[in-house]
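S.K.: with the sequence up front, the predicted model follows.
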Amino acid sequence: MNYDLIVIGGGPAGMAAALEAEKQGITKILILERDVTLGGILGQCIHTGFGLHYFKEELSGPEYADRFIVPVEASEKIEVKLDTMVLDVKPGKGYHAVVAVNKTDGLLELGAKAVVLAMGCRERPRGALNIAGTRPAGILSAGTAQKYVNMDGWMPGKEVVILGSGDIGLIMARRMTFEGAKVKMVCELMPYSSGLTRNIVQCLDDFDIPLKLSCTVIGIHGKERLEGVTIANVDENRKPIPGSEEYVPCDLLLLSVGLIPENELTRAAGISIDMVTAGAVVNEARETEIPGVFSCGNVLHVHDLVDYVTLESQLAGKGAADYIQEKSDPNPDYVTTKGRGGVRYIVPQRVNKHATEPVKLYFRVWDVHKNASVQLRGGDQVLAKRKRPRLAPGEMEDLTVKPEQLKELAEGAELVVEIVE
């Protein structure tokens with residue numbers, strides 16, 4: 001069966017892209033979701049803090065997801081297949097093939113004029129950390145513990161150490177405290193937290209939970225059940241400092257050590273991957289180097305706020321609609337974006353000089369900077385500049401380039417975002 005647009009992933013990114021494509025006039029849209037419900041990770045995020053930017057009100061994760069689930073399910077132009085695993089995306093001319101499987105239809109090979117990749121991300125597991133010790137029960141990723149507590153009603157432990165200060169870990173420090181557990185500390189390998197400042201304040205400071213920076217877990221103790229961990233301070237090379245070791249009794253170690261975009265399908269399709277973001281290389285419409293294949297949300301780069309996921313996915317939905325309706329530029333003239341002077345990465349990685357709308361460049365920094373400016377240069381010309389009281393790796397920033405500025409760029413010029421102290 002052929003569709004105008006197939007969206008892979010029914011989380012906030014996939015639903016926003018599908019709804020935007022429908023708004024732009026696309027009438028035959030299919031969402032493929034491997035879970036049994038729409039909404040993605042938001043279903044287990046029962047805390048508030050979502051929607052402040054996009055809806056201008058504070059919502060819980062399920063409430064935010066519901067704002068998109070309701071119109072998707074009511075739409076006559078959007079079909080949804082749940083409990084469906086996509087196995088392969090085969091780019092082609094005219095139509096792209098999507099191979100999927102589920103219990104009802106068996107093996108499916110579907111065609112689409114355009115495809116939006118919105119598979120989200122997963123947590124980095126213990127195996128990636130090489131922590132010495134045994135393999136007892138009581139070592140979980142923060143997201144798994146969140147599902148156990150919020151959705152299944154299981155309490156995974158009573159004395160908790162959290163490794164990594166990502167937002168999920170910070171939120172679970174507060175959640176476990178609410179449920180009666182004792183969160184002894186949050187250890188962070190880096191000299192700064194990788195989470196949002198508001199989460200550090202609301203989840204740690206408000207509950208007197210210590211945050212130990214430049215500190216990590218170097219040993220795990222216990223046979224059947226976790227009995228404790230050994231922590232140590234680390235030097236500037238992130239190596240444990242001899243003599244700084246400390247044994248901490250606990251029965252639960254939560255890992256919040258980063259998120260990895262789910263890009264196995266992207267790689268298999270032959271799409272170029274950015275080495276820093278671990279997501280696809282895209283243009284301002286979030287189109288990959290393969291015409292008609294788009295990427296958005298946490299599969300493209302890990303976002304700090306779901307509001308930004310929605311905005312980005314709407315760009316992908318509109319871009320896909322323009323491609324299907326043959327409204328997109330057939331002869332783009334791309335300039336590349338580059339981060340310098342402390343800027344870690346930029347999305348999109350390339351921008352069409354013929355763009356007719358302002359283009360937001362989203363970026364993250366490598367380190368914490370106070371009272372610094374970020375500026376956007378096109379060749380020797382400063383196109384935009386913003387003073388920031390604080391820049392941190394855990395918080396995404398953006399600068400905007402205008403269409404008239406793009407048109408004036410010299411041949412071979414790059415769009416460079418850099419920090420100016």
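M.R.: Alright, I've got the coordinates.

S.K.: where along the stretch 101-250 of the chain do the strands fall?
M.R.: 106-117, 121-123, 132-133, 139-141, 159-163, 182-188, 211-213, 215-221, 228-233, 246-249 (DSSP state E, counting those that start in this stretch).

S.K.: same list, the ones you listed, but as JSON lines with distance to Gly412 and mean pLDDT please.
M.R.: For the C-beta atoms, the positions are set from N, CA and C on the backbone; glycine is no exception. Below are the strands of the stretch 101-250 of the chain laid out as JSON lines (distance: least, C-beta to C-beta, whole Å; pLDDT from 0 to 100):
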{"stretch": "strand 106-117", "distance to Gly412": "30", "mean pLDDT": "97"}
{"stretch": "strand 121-123", "distance to Gly412": "35", "mean pLDDT": "94"}
{"stretch": "strand 132-133", "distance to Gly412": "51", "mean pLDDT": "86"}
{"stretch": "strand 139-141", "distance to Gly412": "45", "mean pLDDT": "95"}
{"stretch": "strand 159-163", "distance to Gly412": "46", "mean pLDDT": "98"}
{"stretch": "strand 182-188", "distance to Gly412": "42", "mean pLDDT": "97"}
{"stretch": "strand 211-213", "distance to Gly412": "43", "mean pLDDT": "97"}
{"stretch": "strand 215-221", "distance to Gly412": "44", "mean pLDDT": "96"}
{"stretch": "strand 228-233", "distance to Gly412": "47", "mean pLDDT": "97"}
{"stretch": "strand 246-249", "distance to Gly412": "55", "mean pLDDT": "98"}
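
S.K.: of the ones you listed, which stretch is the most buried?
M.R.: Most buried of the strands of the stretch 101-250 of the chain, by mean neighbour count (mean count of other C-beta atoms under 10 Å): strand 159-163, with a mean of 24.

S.K.: can you list the strands that that one pairs with?
M.R.: strand 182-188 (parallel), strand 252-255 (parallel) (DSSP bridges).

S.K.: list the contacts of the last one.
M.R.: When you say that, I think you mean strand 252-255. 123-126, 129, 138-142, 145, 156-164, 169, 172, 176, 181, 217, 220, 226, 229 (C-beta atoms under 8 Å, 6 or more residues apart in numbering).

S.K.: ok, the longest one next?
M.R.: For strand 182-188, the surrounding residues in contact (C-beta under 8 Å, 6+ apart) are 158-165, 169-170, 173, 176-177, 194, 204, 207, 209-217, 231, 248, 250.

S.K.: just say helix, strand or coil for the nearest residue to Gln375 once chain neighbours are set aside.
M.R.: Spatial nearest neighbour of Gln375, excluding adjacent residues (C-beta to C-beta, 6 or more residues apart in numbering): Lys385 at 4.2 Å. Under DSSP: H, G, I helix; E, B strand; the rest coil, the three-state class of Lys385 is strand.

S.K.: Lys385 reaches Thr400, doesn't it?
M.R.: No - applying C-beta atoms under 8 Å as the test, Lys385 and Thr400 come out as separate, 11.4 Å apart.

S.K.: next one: the helix or strand harbouring Ala100 to chain centre, how far?
M.R.: Counting by DSSP states H and E, the element that carries Ala100 is strand 96-102. Taking C-alpha atoms, centre = their mean, to the nearest Å, one finds strand 96-102 lying 24 Å from the centre of the chain it belongs to.

S.K.: alpha carbons of that strand, in CSV - could you do that?
M.R.: The C-alpha trace of strand 96-102 is given here as CSV (Å, rounded to 0.1, in the frame of the first residue of the first chain):
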residue,chain,number,x,y,z
HIS,A,96,10.5,5.1,-0.5
ALA,A,97,9.8,1.6,0.8
VAL,A,98,9.2,1.0,4.5
VAL,A,99,9.3,-2.5,5.8
ALA,A,100,7.5,-3.2,9.0
VAL,A,101,6.0,-6.1,11.0
ASN,A,102,3.1,-6.5,13.5
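
S.K.: rewinding a little: any chance of the strands of the stretch 101-250 of the chain in JSON lines, plus distance to Tyr64?
M.R.: Below are the strands of the stretch 101-250 of the chain laid out as JSON lines (distance: least, C-beta to C-beta, whole Å):
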{"stretch": "strand 106-117", "distance to Tyr64": "20"}
{"stretch": "strand 121-123", "distance to Tyr64": "17"}
{"stretch": "strand 132-133", "distance to Tyr64": "38"}
{"stretch": "strand 139-141", "distance to Tyr64": "22"}
{"stretch": "strand 159-163", "distance to Tyr64": "25"}
{"stretch": "strand 182-188", "distance to Tyr64": "25"}
{"stretch": "strand 211-213", "distance to Tyr64": "27"}
{"stretch": "strand 215-221", "distance to Tyr64": "33"}
{"stretch": "strand 228-233", "distance to Tyr64": "35"}
{"stretch": "strand 246-249", "distance to Tyr64": "36"}
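
S.K.: what's the closest of those strands to Ala280?
M.R.: Ala280 lies closest, by C-beta to C-beta, to one member of the strands of the stretch 101-250 of the chain: strand 106-117, at 7.1 Å.

S.K.: who are the packing partners of that closest one?
M.R.: Packed against strand 106-117 by the contact rule (3 or more C-beta pairs under 8 Å, 6 or more residues apart in numbering; DSSP states H and E) you find strand 2-8, helix 12-23, strand 96-102, strand 293-295, helix 306-324.

S.K.: nearest to Gly61 among the ones you listed would be which one?
M.R.: Nearest to Gly61, of the helices and strands packed on strand 106-117 and by C-beta to C-beta, is helix 306-324 at 7.8 Å.
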